[in-house]
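> the sequence and its predicted three-dimensional model are supplied below.
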There are 2 protein chains.
Amino acid sequence: MAVTIREVARRAGVSISTVSRALSGQQRVRAENLRKVQQIVNQIEFCPSAVAKSLVSRTANAICLVLPKPTAKWVSNPFFMELIRGIVARANRSNYDIIISSGASEQEELKEVSRLFRGGRVDGAILLSSRKEDAVIDFMKMNGYPFVLIGRSDKYDGIWSVDTDNRAAAGGAVNHLVTMGHKRIGFVSGPSNLVVSVDRMEGYKRALRENGLTWHPEWVFEGELLLNSGYRSLSYFMNQPDRPTALVVYDDLVALGVIRALNKLEIKVPDDLALVSFNNIPLAELSIPPISSIDIGIYHLGDTAAQVFIQNMQHANSEFGGPKRLIIPHELIVRESSMIPIHIF
Amino acid sequence: MAVTIREVARRAGVSISTVSRALSGQQRVRAENLRKVQQIVNQIEFCPSAVAKSLVSRTANAICLVLPKPTAKWVSNPFFMELIRGIVARANRSNYDIIISSGASEQEELKEVSRLFRGGRVDGAILLSSRKEDAVIDFMKMNGYPFVLIGRSDKYDGIWSVDTDNRAAAGGAVNHLVTMGHKRIGFVSGPSNLVVSVDRMEGYKRALRENGLTWHPEWVFEGELLLNSGYRSLSYFMNQPDRPTALVVYDDLVALGVIRALNKLEIKVPDDLALVSFNNIPLAELSIPPISSIDIGIYHLGDTAAQVFIQNMQHANSEFGGPKRLIIPHELIVRESSMIPIHIF
DNA sequence: CTGTTAGCGCTTTCAG
DNA sequence: CTGAAAGCGCTAACAG
């Protein structure tokens, strides 16, 4: 901030333009001048004003992250921090800044994002999750702002996205449980307006079908509900003679809650009920018992999203293949919660 | 971005300066012109370029958050996300942007932060945690960049900081355990280079003294160690006749790990050993058993840090009282993990 | 109260 | 290859 390009030019005894050219590295500068400029730059630790650069280049070299509404404890899910870490690490390495934005209501959220874009502070956004009806996605689309979605959009096609194959992952969980001898497998879902939650549920249903198993609506629980007031319903179903012997849970944190609820009902995991969940946050391993979980490579997901965005920015006009959807591989980590094979028929 | 102040001026039939004055709200503009300008602004959704503003005002209206090195799973502690939420919410409300920065090594970290400051992208920083020897703090101090520290610095005095009274909090935990009849109370500490870890340990020791209890070095465990390879040592001490009957643990996540380790050793919480930990992240409640934890108001901590920074910025030259240290109140939330009073003498 | 004029620090023409 | 000049969008200082 303190030292400008003008000062460098003065000291090096060349014009500002020459310094600019020397710094850009793209343009021809006489070797002697180049050397002189580089020396001064190092000496006085010159660092060009990102702000001035932005003004003239009309790009911000910054990406906005929209935090899901801080409604729930949901955001404090380590999932997001891991995602953010992946994004920030990659972005910084490419000299992009990450700006975090949030808002108390959906409207405030949009206002905030709008301010960032219209003010020229960001070039685009990475959306950390997608709802079925997502005002932020609509907003981006409508204004033609570039963005990468982590997840999937039901509504729009041609958008850049990075995602897990959640259906396949859920299928993998079911298959694993089937292998362990389970035939009555339930599902604990997340908020039904989250695409990820729906996808996982669909994968679960499909896998049941493919395994020739029947699907009972009573075996599907709403996770949020479960944790707040659903003890009774859980208790009821778990006391039926044909209760599920295994559960696929859409998120580790929810799985933790489920285990606690089951614990109160004196249902033991995995002895009485097996459990597989999603995301494989560090906590899955610390749980009692440790939870089998599908590692979806959260950091990698974030890293890739940032890469996609940045590449896309740099090749914006070169028709760089058009919108694409990338899938990050997942892997089931088997732990105690699903390790006891059973044979109840 | 698309529409400039020039356009507004043209449409309103006034000069650019008038529009600028009308927008600033600080200066006198004829009512008629004011109205006209406001109308146009709303109509074409004019939003002044934050970048241009930055260039001329030499302020960025942005704060940098330095993520602790992504070494450990530590960062994925919900603690940080909660802190960030608090900061972002407050900052955005005051039209400040939050830029997240990180680096693989301490050196990269500094380079990243330096780039942000020198490039004029940020006005200052909020440091999310402090090590005993903290290069980032040194760097800020040395360059005179404004910052607020969440935590405490051993090394420097006159710096703005927002903190928990960790000694008192730890004392509270000890007192609570004493009330429940415990006399042999151990401590599980965090990395010894973290100020917060040290403070909590000191509070623990002091409280023991004040309660007339003796402090045994063997009753103090290094948390990190414990989780990785310390089962054996834990096992050893827990089998001594005079083993602790209660533990104060410096962080919820570590407490979770401890519970799991104890579980393997068939030591039951709270029946055989009581537990109190710090931070009260949502998980503390989901644990089996639910963990007594000291709620330090993480969100509030973040919110306050942002407030302090912003106020300080705005009154920078008016000698706004000089550096200060704010303490956010804490509260012990008692749960099952410490609920069974014991009387072993 | 208003318009004109000069920049903020940098990139980018356009002549040399 | 180089320097001078124009301008990115806005604010601030100066005459009216």
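That came through, no problem.
> can you report phi and psi for residue A:329?
The phi/psi pair for residue A:329 (degrees, to the nearest 10) reads phi -70, psi 150.
> quick one, grab the pLDDT at it.
Looking at residue A:329, its pLDDT reads 97.
> test my guess that it contacts residue A:297.
Yes. Look at residue A:329 against residue A:297 with CB atoms under 8 Å: they come within range, at 6.8 Å. Quick note: C-beta positions are derived from backbone N, CA and C, even for glycine.
> these two: which is more packed in?
residue A:297 (19 against 12; other CB atoms under 10 Å in any protein chain shown).
> what about the more buried one, distance to DNA strand D?
Separation of residue A:297 from DNA strand D (CB to the nearest atom of the strand, to the nearest Å) stands at 40 Å.
> same question for residue A:340.
Noted for residue A:340: a distance of 65 Å to DNA strand D, by CB to the nearest atom of the strand.
> I'd assumed that residue was in a helix, is it?
No. Looking at residue A:340 with DSSP: H, G, I helix; E, B strand; the rest coil, it is coil, so not inside a helix.
> nearest spatial neighbour of it, skipping sequence neighbours?
Computed as CB to CB, 6 or more residues apart in numbering or on different chains, the closest residue to residue A:340 that is not its neighbour in sequence is residue A:270, at 4.7 Å.
> surely the one you found touches residue A:289?
Yes. Contact criterion CB under 8 Å: residue A:270 and residue A:289 qualify, at 6.5 Å.
> now for the two: what residues contact both?
A:336, A:337 (CB atoms under 8 Å, 6 or more residues apart in numbering or on different chains).
> so between those two, which is more surrounded?
Each of residue A:270 and residue A:289 has its neighbours counted (other CB under 10 Å); residue A:270 has more, 22 against 19.
> got the contact list for the more buried one?
A:289, A:336, A:337, A:338, A:339, A:340.
> gap between the third one and DNA strand D?
The span separating residue A:337 from DNA strand D equals 56 Å under the rule CB to the nearest atom of the strand.
> that residue contacts residue A:271, correct?
No. If you go by CB under 8 Å, residue A:337 and residue A:271 don't touch, sitting 10.5 Å apart.
> name the residue in the two with the higher neighbour count.
Of the pair residue A:337 and residue A:271, residue A:337 is the one with more neighbours under other CB under 10 Å, namely 26 against 10.
> give me the buried positions along stretch A:207-225.
Within stretch A:207-225, the residues scored as buried using 16 or more other CB atoms under 10 Å in any protein chain shown are A:207, A:208, A:211, A:213, A:219, A:220, A:221, A:222, A:223, A:224.
> can you name the residues in contact with that stretch?
Defining contact as CB under 8 Å, 6+ apart, one finds that stretch A:207-225 is touched by A:170-175, A:178, A:183-192, A:201, A:205, A:230, A:233-234, A:237, A:240, A:244, A:249-251, A:254, A:257-258.
> the same query, at a cut-off of 7 Å, please.
Here stretch A:207-225 makes contact (CB atoms under 7 Å, 6 or more residues apart in numbering or on different chains) with A:170-171, A:174-175, A:178, A:183, A:185-191, A:205, A:230, A:234, A:237, A:244, A:250-251, A:254.
> nearest to DNA strand C within the stretch 151-300 of chain A, name that residue for me.
In the stretch 151-300 of chain A, the residue found nearest to DNA strand C is residue A:160; the distance is 25.1 Å by CB to the nearest atom of the strand.
> need the three-state assignment for the closest residue to that residue other than its chain neighbours.
In space, and not counting its chain neighbours, residue A:160 is closest to residue A:148: 4.5 Å by CB to CB, 6+ apart. With three-state DSSP as the basis, residue A:148 sits in strand.
> tell me which residues touch the residue in the stretch 101-250 of chain A positioned nearest to DNA strand C, please.
The minimum distance from the stretch 101-250 of chain A to DNA strand C, using CB to the nearest atom of the strand, falls at residue A:120 (12.4 Å). Contacts for residue A:120 (CB under 7 Å, 6+ apart) come out as A:54, A:60, B:1, B:49, B:50, B:51.
> can you put those residues in TSV and add pLDDT and distance to residue B:276?
Formatted as TSV, the contacts of residue A:120 follow (pLDDT from 0 to 100; distance: CB to CB, whole Å):
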residue	pLDDT	distance to residue B:276
A:54	94	50
A:60	94	47
B:1	57	53
B:49	94	52
B:50	94	47
B:51	95	50
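> so how do I select the buried members of those in ChimeraX?
In ChimeraX, a selection of the buried entries from these looks like this (16+ other CB under 10 Å):
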select /A:54,60 /B:1,49,50,51
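> of the contacts of residue A:120, which belong to strands?
Judged by DSSP state E, strands contain none of the contacts of residue A:120.
> wait, is residue A:248 part of a strand?
Yes. Judged by three-state DSSP, residue A:248 forms part of a strand.
> tally of neighbours for it?
If we define neighbours as other CB under 10 Å, then residue A:248 has 34 of them.
> thought residue A:170 was touching it, still the case?
Yes. Checked against CB atoms under 7 Å, the pair residue A:248 and residue A:170 is within contact range at 6.3 Å.
> who touches both of the two?
Contact criterion CB under 7 Å, 6+ apart; residues shared by residue A:248 and residue A:170: residue A:204.
> correct me, but residue A:242 touches residue A:186?
No. In this structure, residue A:242 is not within contact of residue A:186 by CB under 7 Å, at 11.0 Å.
> more crowded one of these two?
A direct count of neighbours by other CB under 10 Å for residue A:242 and residue A:186 places residue A:186 higher, at 24 against 11.
> doesn't that one belong to a strand?
Yes. Counting by three-state DSSP, residue A:186 is part of a strand.
> low pLDDT regions in the stretch 101-250 of chain A?
A:224-233 (pLDDT under 70).
> helices along that one, start to end?
A:106-118, A:135-143, A:166-179, A:195-210, A:223-229, A:231-238 (DSSP state H, counting those that start in this stretch).
> want to try a markdown table for these, with distance to residue B:305 as columns?
Supplementary listing: the helices of the stretch 101-250 of chain A in a markdown table, determined by distance: least, CB to CB, whole Å:
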| stretch | distance to residue B:305 |
| --- | --- |
| helix A:106-118 | 20 |
| helix A:135-143 | 27 |
| helix A:166-179 | 37 |
| helix A:195-210 | 32 |
| helix A:223-229 | 30 |
| helix A:231-238 | 38 |
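> cool, thanks, signing off.
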